[in-house]
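Chemist: The amino acid sequence is not available; the structure is as follows:
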Ligand SMILES: NC(=O)C1=CN([C@@H]2O[C@H](COP(=O)(O)OP(=O)(O)OC[C@H]3O[C@@H](n4cnc5c(N)ncnc54)[C@H](O)[C@@H]3O)[C@@H](O)[C@H]2O)C=CC1
Ligand SMILES: CC(=O)C(=O)O
């Protein structure tokens, strides 16, 4: 199979979908790798690094998309890339389709086989291709929040760790999964007071055990969210229901109760966002806006700002699946690997992931049924 890696074109997206180690794995398995010139530069991989491992460099995105059997990407295709969609193409990338009706429609119309990193799921519920980027984004959420709490950045001028004789800042995290846990680690490391809310009581127990009472856990319901949000200096949105549009848990009224100069970092923005006052996705080049006196940060590709770490962490987990698809062919790979099959969001013009279909009000067709057609 020919595997193509175009340069990412989202704002300040400096990650790339392959490293020299990934090329080695694909070529060793008998495949060919084509890469758009300069695709790895943002992550510190030159064209020469790639050719030294046997990849072929092509001059334009169009050549890569048109010659590849499978495209490996990091972020969802942007509208200027939809023209490359075609019926026999396999697309393996983050998709986050629930808030993306136009992209979903384009994938359906062109019958692209679209496999989303973020919904590949093991039998135990783990999301192995989302986890490393959630670790990055959770850790970043606190350092970004701390930065925007500084007065010159528009914040209220609170140092999260406080100093002797002055109370530390209050960090409230909604969602105690990978993002939430990693945010908690960083916030506790800085010396902040941390509260985590989750709907899963077992998760709250695990967090209580893991952090030995150094943070407070709270059941996520509208009363507890309202009480916690009111006192937060830094509020982090970190909820996920796989595939589904994020639930809007923090209302505009709750945001109005926050003190001026507080900061919200909604990491769940890639699934549509969990805060009512977040009405737009922001970018690394213009990351915040102020509403009701509160600084809002809603960047959907946070790990793109630390690409060296993120590219390596991401490709460590994506490449084994790419090798499996390339070596077995799509149909055999999907029928032999249930976790991978859960990653299929669109196949043969149908939405095969129920939560995506429901979020977009589109018909859901089970994967087995569509597989029988192809
Ligand atoms: N903006 C960005 O650049 C990035 C965004 N993300 C996103 O961050 C979000 C969180 O990801 P993970 O932590 O990996 O997910 P996860 O599945 O590990 O954790 C999500 C947690 O949310 C909890 N939850 C669900 N409904 C809830 C509710 N109503 N109230 C409180 N908690 C609730 C779940 O019980 C679970 O513990 C996802 O949308 C993910 O795509 C991840 C990486 C980068
Ligand atoms: C998870 C995701 O969408 C990202 O890392 O950008």
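Modeler: Perfect, thanks for sending it. The structure displayed is predicted, hence computed values, not measured ones. Residues are numbered from 1 along each chain as shown. Ligands and ions are numbered 1, 2, ... in the order given.

Chemist: And stretch 40-52, how far out from the chain middle?
Modeler: Computed by C-alpha atoms, centre = their mean, to the nearest Å, the chain-centroid distance of stretch 40-52 equals 24 Å.

Chemist: For that stretch, what does the pLDDT average out to?
Modeler: Averaging pLDDT along stretch 40-52 yields 98.

Chemist: My guess is residue 3 contacts residue 32. True?
Modeler: Yes. Here residue 3 reaches residue 32: they are 7.1 Å apart, a contact under C-beta atoms under 8 Å. Placement of C-beta: from N, CA and C, glycine included.

Chemist: Which of these two has more residues huddled nearby?
Modeler: Between residue 3 and residue 32, counted using other C-beta atoms under 10 Å, the more crowded position is residue 3 (29 against 17).

Chemist: Can you verify the more buried one is assigned to a strand?
Modeler: Yes. Assessed by DSSP: H, G, I helix; E, B strand; the rest coil, residue 3 belongs to a strand.

Chemist: What residues are bridge-paired with residue 344?
Modeler: Residues in a beta bridge with residue 344, per DSSP bridges, are residue 115.

Chemist: Would you mind measuring the gap between the ends of stretch 163-181?
Modeler: The first and final residues of stretch 163-181 sit 24 Å from each other (C-alpha to C-alpha, to the nearest Å).

Chemist: buried set for that stretch?
Modeler: For stretch 163-181, burial by neighbour count (16 or more other C-beta atoms under 10 Å) applies to 168-181.

Chemist: Can you narrow those down to the ones near ligand 1?
Modeler: Counting by C-beta under 6 Å from any ligand atom, 174-180 from the buried residues of stretch 163-181 sit close to ligand 1.

Chemist: Would you check which pair of the residues you listed lies furthest apart?
Modeler: 174 and 178 (13.9 Å; C-beta to C-beta).

Chemist: helices and strands around the longest helix along the chain, which ones?
Modeler: Assignment by DSSP state H gives helix 307-328 as the longest helix of the chain. Packing partners of helix 307-328 (3 or more C-beta pairs under 8 Å, 6 or more residues apart in numbering; DSSP states H and E): helix 20-28, strand 70-72, strand 90-93, helix 131-148, helix 330-336, helix 338-341.

Chemist: and these as TSV, adding mean neighbour count?
Modeler: TSV is the format used below for those (neighbours: other C-beta atoms under 10 Å):
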stretch	mean neighbour count
helix 20-28	18
strand 70-72	24
strand 90-93	24
helix 131-148	22
helix 330-336	16
helix 338-341	17
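
Chemist: to the chain's geometric centre, what's the distance from the longest helix of the chain?
Modeler: 15 Å.

Chemist: tell me which residues of it are tucked away?
Modeler: Within helix 307-328, the residues that count as buried by 16+ other C-beta under 10 Å are 307, 309-315, 317-319, 321-326, 328.

Chemist: same check, this time on stretch 28-48
Modeler: Neighbour counts over stretch 28-48 (16+ other C-beta under 10 Å) mark 31-37, 39-40, 42-43, 45, 47 as buried.

Chemist: the inter-axis angle of the longest helix of the chain versus helix 131-148?
Modeler: Interaxial angle of helix 307-328 relative to helix 131-148 (axes from the mean of the first three to the mean of the last three C-alpha atoms, to 10 degrees): 160 degrees.

Chemist: what angle do helix 307-328 and helix 20-28 make?
Modeler: Here the directions of helix 307-328 and helix 20-28 differ by 10 degrees (the same axes, to 10 degrees).

Chemist: can you tell me which residues contact the nearest residue to residue 46 once chain neighbours are set aside?
Modeler: Once flanking residues are discounted, residue 46 sits nearest to residue 40: 6.6 Å by C-beta to C-beta, 6 or more residues apart in numbering. Residues in contact with residue 40 (C-beta atoms under 8 Å, 6 or more residues apart in numbering) are 16, 18-19, 46-47, 49-50, 311.

Chemist: one more time with 10 Å
Modeler: Counting by C-beta atoms under 10 Å, 6 or more residues apart in numbering, residue 40 makes contact with 5, 7, 14-20, 46-47, 49-50, 55, 57, 307, 311.

Chemist: Over to residue 161?
Modeler: Counting by C-beta under 10 Å, 6+ apart, residue 161 makes contact with 146, 168-169, 187-192.

Chemist: picking that back up, redo the buried residues of stretch 28-48 as JSON lines? Include distance to residue 85 and secondary structure.
Modeler: As requested, the buried residues of stretch 28-48 are arranged in JSON lines below (distance: C-beta to C-beta, whole Å; DSSP: H, G, I helix; E, B strand; the rest coil):
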{"residue": "31", "distance to residue 85": "22", "secondary structure": "coil"}
{"residue": "32", "distance to residue 85": "21", "secondary structure": "strand"}
{"residue": "33", "distance to residue 85": "21", "secondary structure": "strand"}
{"residue": "34", "distance to residue 85": "18", "secondary structure": "strand"}
{"residue": "35", "distance to residue 85": "20", "secondary structure": "strand"}
{"residue": "36", "distance to residue 85": "17", "secondary structure": "strand"}
{"residue": "37", "distance to residue 85": "22", "secondary structure": "coil"}
{"residue": "39", "distance to residue 85": "19", "secondary structure": "coil"}
{"residue": "40", "distance to residue 85": "24", "secondary structure": "coil"}
{"residue": "42", "distance to residue 85": "24", "secondary structure": "helix"}
{"residue": "43", "distance to residue 85": "25", "secondary structure": "helix"}
{"residue": "45", "distance to residue 85": "27", "secondary structure": "coil"}
{"residue": "47", "distance to residue 85": "26", "secondary structure": "helix"}
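
Chemist: Residue 372: which of those residues is nearest?
Modeler: Nearest member of the buried residues of stretch 28-48 to residue 372, counting by C-beta to C-beta, is residue 31, at 27.3 Å.
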